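Asks: The sequence and its predicted three-dimensional model are supplied below.
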Amino acid sequence: GAAAVFIVRPADFSAWTVWRPTGDRLPIPSMAVAYDDGQKLIAAARTGRATVDLTLTVDSPYLYDVWQVSKGRVPEKIVYKVTAANTAEVDARYGDTGSDWATEQRFGWRPWQEYSWNDDQRTVRTGTTRQEFVSSGDSWWQQRVLHKLQFSWGPLLGGLTEQPRRYAADDRIATSWYAPVVRPAVPAGGPV
């Protein structure tokens, strides 16, 4: 009668994992737990009175691409609070492409960098809208979206790519990836 499985990682091993929407599924949820937190769970379980309340989601309606930037110095303690004064808000719609999941990446780089390195590909459920928060200021950002799953290391190969851009703190924008074509049209401001 187990309802969930907690895997306590060794002290020198990261608890970081990445969920993928494909592959074998167990009949109950499992979760990797960092060593310190795992020791607390084990101690509580040994009392025989421990309870755990879990709320799970595989496709969060929120995404944070945020950076803490300190100009001219390295702070002794890094503290960063995401607020409307330092973060743009993007309502991103991911169209139904016939596949349940799409793959996306948002690359970010500082003005003095010549390129961005991002090995992390993220999944997003198609046919949904996600509220995305992106650090504003002088950092550059560029998002890529592939209409299907691609599990490889490095940048997405193929798909759609937005132009590099900066966000202002008061930006509240809506984007749409893989929206259906309604009709042929000439872009606004384009030649007749």
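Replies: Received it, and whenever you're ready, just let me know what you need. Everything quoted here is computed from the prediction, not taken from an experiment. Residues are numbered from 1 along each chain as shown.

Asks: what's in contact with the one helix or strand in the chain whose mean pLDDT sits lowest?
Replies: Taking all helices and strands of the chain together, the one with the lowest average confidence (mean pLDDT, DSSP states H and E) is strand 30-33, at a mean of 87. Under the criterion Cβ atoms under 8 Å, 6 or more residues apart in numbering, residues Ala4, Val5, Phe6, Ile7, Val8, Arg9, Ala15, Trp16, Thr17, Leu41 lie in contact with strand 30-33. (Each C-beta comes from the backbone N, C-alpha and C, glycine too.)

Asks: can you tell me the distance between the two ends of stretch 117-124?
Replies: 21 Å (Cα to Cα, to the nearest Å).

Asks: Apart from its neighbours in sequence, what residue is nearest Ala44?
Replies: Closest residue to Ala44 apart from its sequence neighbours, by Cβ to Cβ, 6 or more residues apart in numbering: Ala50 at 3.8 Å.

Asks: Double-check the one you found against Lys40; I have them as touching.
Replies: No: Ala50 sits out of contact with Lys40 when judged by Cβ atoms under 8 Å, with a separation of 9.8 Å.

Asks: hmm, back to that, so after the least confident helix or strand of the chain, what's the next helix or strand?
Replies: If you walk from strand 30-33 toward the C-terminus, the next helix or strand you reach (DSSP states H and E) is helix 35-46.

Asks: In CSV, list the C-alpha atoms belonging to that next one.
Replies: Written as CSV, here are the backbone C-alpha positions of helix 35-46 (Å, rounded to 0.1, in the frame of the first residue of the first chain):
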residue,chain,number,x,y,z
TYR,A,35,20.3,14.2,1.6
ASP,A,36,19.6,16.7,4.4
ASP,A,37,15.9,16.9,3.7
GLY,A,38,15.8,13.1,3.3
GLN,A,39,17.2,12.6,6.8
LYS,A,40,14.4,14.6,8.2
LEU,A,41,11.8,12.5,6.2
ILE,A,42,13.4,9.3,7.5
ALA,A,43,13.4,10.5,11.1
ALA,A,44,9.7,11.6,10.8
ALA,A,45,8.8,8.2,9.2
ARG,A,46,10.4,6.3,12.0
